[in-house]
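Q: I would like the atomic coordinates for the input below:
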Amino acid sequence: MPYSLSLPASSLYANLQATADRQPDHVAIIYYGTEISFGELASSVERLSGFLVHELAVKRRDRILLYMQNCPQYIIAYYAILRADAVVVPVNPMNRAEELRHIVQDTGARVAIVAQELLPFVAPSLDEDALTGVVVTAYGDLLAKDCDLPLPESMTNPPPCLDPRCIPWQKALAGHLMPPPHRAGADDWCLLAYSSGTTGAPKGCLHSHRGVNATLIGSVVWNPIDSQSVVLATLPLFHVTGMQNSMNGPIYAGATIILMTRWDRRLAAEFIERYRVTHWRSITTMAVDFISDPDIGSRDLSSLRAVGGGGAQMPEAVAAKFQDLLGLGYIEGYGLTETVAATHINPPNRPKRQCLGIPVFDVDARIIDPETLIERPLGDVGEIVVSGPQVFLGYWNNPQATASAFVEIDGKQFFRTGDIGTVDEEGYFFLVDRLKRMINAAGFKVWPAEVEALLYGHPDVLEACVLASPDPRRGETVKAMIVASPGTTLCPESLQAWCRERMAAYKVPRIVEFVEALPRSGSGKVLWRTLQEAEMRSVETSPTTKA
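A: You can find the predicted model right below:
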């Protein structure tokens, strides 16, 4: 592989247009049996983009929220926003009203494209006139009637859209409005993806077209795909790994995307067998579930040429099962929202297990002392810092956080990942620990300060401290230590039910422990690190209640 890649001086949208011009009749998406060609995909993108510009007055650099699970409409909307020279703001469909309100207020977004079942969480922003234009779709809108596959409930029984302030998907595309010429270039804004921060409120990571192209084109070159490849898309497209490896990369290469709305291990195996899937990128927990199916050995998975993922270290035993079943090494990688996916990937021909991999094209990665910021010798433990074309432009509306996220070394700006690692003599990086206070729950990053901020909204919660608790299946799970207000009858079940209405399910504390007081330092700060270390040492003896 070359050290450096030449990146196009054009926009991300230009990738779709080039592929549609080159192979308009080639199948771009297969969605539960429904086929959409690249020509049809590009045509729908044009029409929706025209509606955004002419009817909703979307302008260059406007931020547009995209709030739904995986479906063809997600891909159409993503590229329609880019076609309008605007900025995609992908929102986790597990987020609820308060989380959504923060993103609406922080971005200044006026327009959102949402799935029908998520409208109740959009309604407060509509009521406050923060959002003035909402296009709504049901997952089944583009589904053929003769589907012979089991469908998620959200596709078969969507709640009706009765809000007159919302524009139905079909109406938005029916006018055949054409947008003005596309003018965005490589250095224009492209993506504003939210990554939770240690201050408790999620922070927007702003990316350019050039930066997003860097990792998607790099992924296509590192694990080669082309127009004959078939990619199984099970990762959520709002997440940068799914966005790049399961959507943007295949569109650039002209490959076919087999798209799933919800994870189903047996249906995934059916898709691999039926459509002769060649490439599959997942997260570790998804791969563990897939390989644990007792019937997996009876499926024909011989078409697969590359499998891999990230989010958490792949257990040695599971990686060995993948090798035995498929004859393929499970290729692990490493990246962040701030780097719009991978900065490190294992070489496909010689991966190391439970390893982040080696730096990819044009990436300079080093290990520094997190206190002195001086580079550490080979083999020493320190903070991983990276410099490369995919590193974000900065945190949205947060110059202080942006400034603290970078360090200058040898005259070059490096992004501080907050992850503690080491590098071996062959240049392979390994994760050791986390500098930042973060919980990795089944591949989902949960920042305790954010969950604590939401918990403090409960009238009966006097104090809260959120920790990571070891979990044999999820790796880590969320634990809350709660000091309840005097005289209340708060119980774990009622607190968890309250949380489910206000935060994504993976953030809801699975374990709740009530205590009389939380330990504090001389300055009054909660000694969360002391509690965290005690939890890791003795999780079995803690008086906890599990959901």
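Q: Sketch out the helices for the stretch 401-547 of the chain, chain order is fine.
A: Remark: helices assigned in the stretch 401-547 of the chain by DSSP state H, counting those that start in this stretch are 448-455, 492-500, 528-537.
Q: got the contact list for the last one?
A: Read that as helix 528-537. 437, 448, 465, 467, 468, 469, 470, 479, 481, 518, 519, 542 (CB atoms under 8 Å, 6 or more residues apart in numbering). No exception for glycine: its C-beta is placed from N, CA and C like everyone else's.
Q: so where's this structure uncertain?
A: 196-200, 312, 521-525, 538-547 (pLDDT under 70).
Q: re the thing from before, kindly reformat the contacts of helix 528-537 as TSV containing distance to residue 428.
A: Below are the contacts of helix 528-537 laid out as TSV (distance: CB to CB, whole Å):
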residue	distance to residue 428
437	27
448	30
465	36
467	31
468	26
469	30
470	26
479	33
481	37
518	40
519	39
542	36
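Q: Among those, which one lies nearest to residue 250?
A: For those, the residue nearest residue 250 by CB to CB is residue 468; the value is 34.3 Å.
Q: Residues in a beta bridge with that closest one, which ones?
A: Beta-bridge partners recorded for residue 468 (DSSP bridges): residue 478.
Q: In contact with it, which residues?
A: Residue 468 makes contacts with 439, 440, 448, 476, 477, 478, 479, 532, 535, 536, as judged by CB under 8 Å, 6+ apart.
Q: next one: residue 231
A: Contacts for residue 231 (CB under 8 Å, 6+ apart) come out as 225, 245-246, 249-250, 255-258, 277-281.
Q: so of the residues you listed, which ones are in helices?
A: Counting by DSSP state H, the part of the contacts of residue 231 found in helices is 249, 250.
Q: Nearest to residue 290 among the contacts of residue 231?
A: Nearest to residue 290 out of those is residue 280 (CB to CB; 9.0 Å).
Q: Next, work out how far apart the nearest residue to that closest one once chain neighbours are set aside and residue 275 are.
A: Distances taken as CB to CB, 6 or more residues apart in numbering put residue 232 closest to residue 280, at 4.4 Å, once the chain neighbours are dropped. Using CB to CB, to the nearest Å, we find residue 232 at a distance of 8 Å from residue 275.
Q: is it possible to export the contacts of residue 468 to JSON lines including neighbour count and distance to residue 55?
A: Formatted as JSON lines, the contacts of residue 468 follow (neighbours: other CB atoms under 10 Å; distance: CB to CB, whole Å):
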{"residue": "439", "neighbour count": "24", "distance to residue 55": "42"}
{"residue": "440", "neighbour count": "18", "distance to residue 55": "42"}
{"residue": "448", "neighbour count": "25", "distance to residue 55": "42"}
{"residue": "476", "neighbour count": "19", "distance to residue 55": "45"}
{"residue": "477", "neighbour count": "24", "distance to residue 55": "45"}
{"residue": "478", "neighbour count": "26", "distance to residue 55": "42"}
{"residue": "479", "neighbour count": "26", "distance to residue 55": "48"}
{"residue": "532", "neighbour count": "19", "distance to residue 55": "51"}
{"residue": "535", "neighbour count": "19", "distance to residue 55": "53"}
{"residue": "536", "neighbour count": "13", "distance to residue 55": "54"}
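Q: Please tabulate the residues you listed in TSV, including the columns distance to residue 417.
A: Shown next, in TSV, are the contacts of residue 468 (distance: CB to CB, whole Å):
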residue	distance to residue 417
439	16
440	14
448	18
476	18
477	23
478	22
479	25
532	20
535	24
536	22
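Q: quick one, domains of the protein?
A: Here the domain parsing of the chain from automatic domain parsing is 12-331, 439-546.
Q: which of those domains sits most buried?
A: Mean neighbour count (mean count of other CB atoms under 10 Å) peaks for domain 12-331 among the domains of the chain, with a mean of 20.
Q: State the distance from the residue nearest to residue 515 when sequence neighbours are not counted to residue 498.
A: Spatial nearest neighbour of residue 515, excluding adjacent residues (CB to CB, 6+ apart): residue 481 at 5.5 Å. Noted for residue 481: a distance of 17 Å to residue 498, by CB to CB.
Q: With residue 520 instead?
A: Going from residue 520 to residue 498 by CB to CB gives 26 Å.
Q: Would you state the strands of the stretch 301-450 of the chain in chain order?
A: Counting by DSSP state E, counting those that start in this stretch, the stretch 301-450 of the chain has strands at residues 306-310, 330-336, 341-345, 358-359, 364-368, 382-387, 394-395, 406-409, 412-423, 429-434, 439-441, 444-446.
Q: out of those strands, deepest packed?
A: Among the strands of the stretch 301-450 of the chain, strand 341-345 has the highest mean neighbour count (mean count of other CB under 10 Å), at a mean of 29.
Q: Dig out what residue 364 forms beta bridges with.
A: Note on residue 364: beta-bridge partners by DSSP bridges are residue 387.
Q: Contact partners for it?
A: Applying CB under 8 Å, 6+ apart to residue 364 gives the contacts 386, 387, 388, 412, 414.
Q: Take these and lay them out in TSV including distance to residue 179.
A: Output for these, formatted as TSV (distance: CB to CB, whole Å):
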residue	distance to residue 179
386	36
387	36
388	32
412	39
414	39
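Q: for those residues, which one is nearest residue 38?
A: Proximity of those to residue 38 (CB to CB) peaks at residue 388, which lies at 29.8 Å.
Q: OK, contacts around residue 89?
A: By CB under 8 Å, 6+ apart, residue 89 lies in contact with 63, 64, 65, 66, 103, 107, 109, 192, 193, 194, 204.
Q: Distance to residue 423 and secondary structure added to those residues, as a markdown table?
A: Formatted as a markdown table, the contacts of residue 89 follow (distance: CB to CB, whole Å; DSSP: H, G, I helix; E, B strand; the rest coil):
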| residue | distance to residue 423 | secondary structure |
| --- | --- | --- |
| 63 | 37 | strand |
| 64 | 40 | strand |
| 65 | 39 | strand |
| 66 | 37 | strand |
| 103 | 36 | helix |
| 107 | 37 | helix |
| 109 | 40 | coil |
| 192 | 32 | strand |
| 193 | 27 | strand |
| 194 | 30 | strand |
| 204 | 30 | strand |
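Q: between those, which is nearest residue 424?
A: Taking CB to CB as the measure, residue 424 lies nearest residue 193 of those, at 31.0 Å.
Q: if I read this right, that closest one contacts residue 340, doesn't it?
A: Yes. Between residue 193 and residue 340 there is a contact under CB atoms under 8 Å: 7.1 Å.
Q: what touches both of those two?
A: Common contacts of residue 193 and residue 340, defined by CB under 8 Å, 6+ apart, comprise 205, 207, 240.
Q: gap between the two ends of stretch 215-233?
A: Stretch 215-233 has an end-to-end distance of 17 Å (criterion: CA to CA, to the nearest Å).
Q: From what I see, residue 151 and residue 32 are in contact.
A: Yes. In this structure, residue 151 is within contact of residue 32 by CB under 8 Å, at 6.2 Å.
Q: where do the contact lists of those two overlap?
A: residue 143.
Q: Give me the nearest residue to residue 509, chain neighbours excluded.
A: Using CB to CB, 6+ apart, the nearest residue to residue 509 is residue 480, at 3.8 Å.
Q: Show the contacting residues for that neighbour.
A: Residue 480 is in contact with 451, 455, 464, 465, 466, 467, 495, 509, 511, 512, 513, counting by CB under 8 Å, 6+ apart.
Q: separation between residue 69 and residue 188?
A: From residue 69 across to residue 188, the span is 28 Å (CB to CB).
Q: which residues touch residue 412?
A: With contact taken as CB under 8 Å, 6+ apart, residue 412 is in contact with 364, 387.
Q: Please report how far it lies from residue 487.
A: Using CB to CB, we find residue 412 at a distance of 58 Å from residue 487.
Q: can you check residue 269 too?
A: Between residue 269 and residue 487 the computed distance is 54 Å (CB to CB).
Q: In this structure residue 203 contacts residue 402, no?
A: No. Using CB under 8 Å as the test, residue 203 is too far from residue 402 to be in contact (9.2 Å).
Q: Mutual contacts of these two, please.
A: residue 395.
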